[in-house]
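Peer 1: 3D model of this:
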Amino acid sequence: MPKSMSRVLTGVPRSRLDQLKREVGEATSAVGWAYGGETPDADVVFVSGASGRVSDQAAALDRALLPYRISTTERVEVGRFGGEARCGRGRTEDNSYMTVCGWADSETVGVVAFVSSRPQGDRTADFLSVRGELERPAG
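Peer 2: Next up, the predicted model:
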């Protein structure tokens, strides 16, 4: 998906950055961007993340997912970087379908939100792909 240049769309993940940066102490890097959304019915992917040092992965993940309108989450595959990962489903304020996946490991915390006007299937593989693009091993 192409990066969105819409200030409205990019404002969503960027608004989460301050909270994610607090989760990593002194942030060494951060990202907040939206992809897609070229038309009103187009799917959008919101990506937010920060790196630094995460002392309590489970609590950081809980707090990272808290702002999203999802009632429950389930553990999902964490991928090659380890840590903890969970996904949940909900609806946005405009009633779009939303799948939100988040992760926390010893060095990063992040959230990927998939939003669509249509019901969504399992997005775990997509989540792992996005996380893999964002994270690089330290060293």
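
Peer 1: show me where pLDDT drops low in this structure?
Peer 2: For the chain, the stretches with pLDDT under 70 are 136-139.

Peer 1: Going by contacts, tell me the helices and strands next to the helix with the most length in it.
Peer 2: In the chain, taking DSSP state H as the definition, the longest helix is helix 124-134. Counting contacts by 3 or more CB pairs under 8 Å, 6 or more residues apart in numbering; DSSP states H and E, helix 124-134 packs against strand 44-51, strand 84-91, strand 97-104, strand 108-116. All C-beta spots, glycine's among them, are computed from the backbone N, C-alpha and C.

Peer 1: What are the buried residues along that helix?
Peer 2: 124, 126, 127, 128, 130, 131, 134 (16 or more other CB atoms under 10 Å).

Peer 1: that older thread, I'd like the helices and strands packed on helix 124-134 as JSON lines, with mean neighbour count and distance to residue 64 appended.
Peer 2: JSON lines is the format used below for the helices and strands packed on helix 124-134 (neighbours: other CB atoms under 10 Å; distance: least, CB to CB, whole Å):
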{"stretch": "strand 44-51", "mean neighbour count": "24", "distance to residue 64": "8"}
{"stretch": "strand 84-91", "mean neighbour count": "19", "distance to residue 64": "10"}
{"stretch": "strand 97-104", "mean neighbour count": "25", "distance to residue 64": "5"}
{"stretch": "strand 108-116", "mean neighbour count": "25", "distance to residue 64": "5"}
